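1. below is the sequence, then the predicted model.
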Amino acid sequence: MTRVPPVKVVRAATAVRTALQTLTRRMVPPEIGLLELASGFMGTHVVYAVAKLGIADVLADGPLSADEIAAETGSNADATHRLLRAGAMFGIFTERSGKRYGLTALGKGLRSGTPGSLRPVVLMLGDPQYQGPWGRLAHSVETGGPAVEVAPGKQVWDYLDADPEFAATFNEAMTCLTDLDWPAVAAAYDFTPYSTIADLGGGHGQLLALVLGAAPKSKGVLQEREVLVGAAEAHLRDAGLLDRCRIDSGSFFDTAPSDADLYLMRRVLHDFDDEQAVAILSNVRRHMPRGSTLLLLDSVVPPGSTPHFAKALDLDMMLFVGGRERTERQFGTLLDRAGFRLTRIVPTVSSVSLIEAVPGR
């Protein structure tokens, strides 16, 4: 298990980093700072191109020249050199003698199939299917609705199902982000007291697999849409956990397992507006047995101007699904409306907090 620093230490380090960033911005003329902010998209697309071409994998064994890299990736040598030079400016590569390029610690995170790799996430963030709605942010702010256009009566999940290639990219990214959050979650919460743990909307089952690894005497239930059941079954089988799991197909708007003592939902409610979130929670509440616990793994928006990833992710939810990130008070209101009592919120060193509740009436 990765050693996780205490939350107070991480918050102190974040405060120092934020202060340094603020000082840096104040040291340049406002127009220069604004230009740098507006051109931030360039870094996104440089990192995406590097990931898409597999350049980090080519450099896994050491520095190479642009010509050598281009020969491996099938790209244009001059254009590859220009991409590498820009990547070095952004800290992905180091330029060595003889115009050879090597990976930095950041660049190593773009290798595929390695511990800590963020390549699946980068491939999602830079994909034109993902970037397009962000270009319509002003429209969403004007209308208050999502920027992703789907047919009447359809949801964004139907949009994903209709595009298998992007859906695969999206699901791989979600699995990667689950892995990224897990050490912080495992350090903050003990799953061993629970005999049956249900993960609602658990995708391919990565979170449930991690939880069952931390709670070896527990059994698991994964509930997902029918279209994802096959992939989840294969993932849990490969993890050697299928004999401890049951996979239920269905919507968390309509049904939920009735035999668990811990119900998990990781970044589910932020996909929905308040009325839909209350409907989901109310449905889960109806199916939960007496004495069971609900655990939401979600970002909690801090007050004021405190920096937090949730404040940007909130716009992402608005753009793609019409959902939102929520404050502590907003979570408390949702849970109360659905018949739950908020018992505690456990912060972690990642952007996710653990929001624990029990049936209240």
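-> Good, I have the coordinates. Remember, predicted model here, so these are calculated numbers, not experimental data. Numbering: from 1, shown residues only.

2. low-confidence ranges, the stretch 51-200 of the chain, go.
-> Scanning the stretch 51-200 of the chain for pLDDT under 70 picks out the ranges 150-159.

3. which residues of the stretch 1-150 of the chain fall in strands?
-> 64-65, 93-96, 100-103 (DSSP state E, counting those that start in this stretch).

4. and these, which is most packed in?
-> strand 100-103 (a mean of 20; mean count of other C-beta atoms under 10 Å). For every residue, glycine as well, the C-beta is placed using N, CA and C.

5. quick one on the thing from earlier: pipe the strands of the stretch 1-150 of the chain into TSV and attach distance to G213 per row.
-> Output for those, formatted as TSV (distance: least, C-beta to C-beta, whole Å):
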stretch	distance to G213
strand 64-65	38
strand 93-96	35
strand 100-103	30
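
6. quick one, strands of the stretch 151-300 of the chain?
-> Using DSSP E, counting those that start in this stretch, strands in the stretch 151-300 of the chain cover 196-200, 219-224, 245-249, 262-266, 293-298.

7. the strands of the stretch 1-150 of the chain: which one's closest to A234?
-> Smallest distance to A234 across the strands of the stretch 1-150 of the chain (C-beta to C-beta): 31.8 Å, for strand 100-103.

8. which strands or helices does that closest one pack on?
-> strand 64-65, helix 77-89, strand 93-96 (3 or more C-beta pairs under 8 Å, 6 or more residues apart in numbering; DSSP states H and E).

9. list the contacts of the first one.
-> Put plainly, it is strand 64-65. 58, 72, 98-101 (C-beta atoms under 8 Å, 6 or more residues apart in numbering).

10. what about 6 Å?
-> If you take C-beta atoms under 6 Å, 6 or more residues apart in numbering as the criterion, strand 64-65 is touched by 99-100.

11. what's near enough to touch the residue located most distally from the centre of the chain?
-> Largest separation from the mean C-alpha position in the chain: G98, at 39.1 Å (C-alpha atoms, centre = their mean). Residues counted as contacts of G98 (C-beta under 6 Å, 6+ apart): none.

12. quick one: it from A66, how far?
-> 11 Å (C-beta to C-beta, to the nearest Å).
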